[in-house]
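Participant: need a structure here:
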Amino acid sequence: MKCPKCQTDNPDSRKFCRECGAKFLLLCPQCGSGNFPGDKFCGECGQNLTHPSEPASEEQSFCKEPRAPALGIQDYFFMMFHLGRDYELYARLLKKKGDLAKARDHLNQAVTIFRECGADGYLEKAENDLLALS
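Facilitator: Next comes the predicted model:
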């Protein structure tokens, strides 16, 4: 498994990256919820994670309708990182236009996303930009 934060290769059995300590989550193919490596069933919907093509039994699942297939963890963090960058860049534009309230709102969104993704350098920069707007 490749770490979404630092791109270090790790054995699939690991729960945390050996290089940066990032937590690995296994996304359920049925509902998209995060589960730990080694979990046999999804903690949210009961989907069998050892044989993902096997549907969860009626007793195991509280999901009424199947959701779209979940993204892989690397794809999810990649997508979220770029969403954070979009918020950050739009905040710069709003600041230049003089709309400081909206710029702060967008930077707050960027900070939340960068924190979730583990993009520490971008997180620090966005937090500093947010402090400068206060």
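Participant: This protein: strands as residue ranges?
Facilitator: 26-27, 34-35 (DSSP state E).
Participant: hey, which of those strands is tucked in deepest?
Facilitator: Of all these, strand 26-27 carries the top mean neighbour count, a mean of 20, counting by mean count of other Cβ atoms under 10 Å. C-beta: built from backbone N, CA, C; applies to glycine.
Participant: Same list, the strands of the chain, but as CSV with mean pLDDT and distance to Lys97 please.
Facilitator: Formatted as CSV, the strands of the chain follow (pLDDT from 0 to 100; distance: least, Cβ to Cβ, whole Å):
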stretch, mean pLDDT, distance to Lys97
strand 26-27, 72, 38
strand 34-35, 74, 38
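Participant: got TSV for the ones you listed, with distance to His82 too?
Facilitator: Converted to TSV, those look like this (distance: least, Cβ to Cβ, whole Å):
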stretch	distance to His82
strand 26-27	18
strand 34-35	20
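Participant: what about Asp129, distance to His82?
Facilitator: For Asp129, the distance to His82 (Cβ to Cβ, to the nearest Å) stands at 18 Å.
Participant: Of the two, give the one with the bigger neighbour count.
Facilitator: A count of neighbours by other Cβ atoms under 10 Å puts Asp129 above the other of Asp129 and His82, at 18 against 12.
Participant: ok, residues contacting the longest helix along the chain?
Facilitator: Ordering each helix of the chain by length in residues (DSSP state H) puts helix 73-96 first. If you take Cβ atoms under 8 Å, 6 or more residues apart in numbering as the criterion, helix 73-96 is touched by 2, 4-5, 24-27, 70-71, 100, 102-104, 106-107, 109-110, 113-114, 116-119, 122, 125-126, 129, 133.
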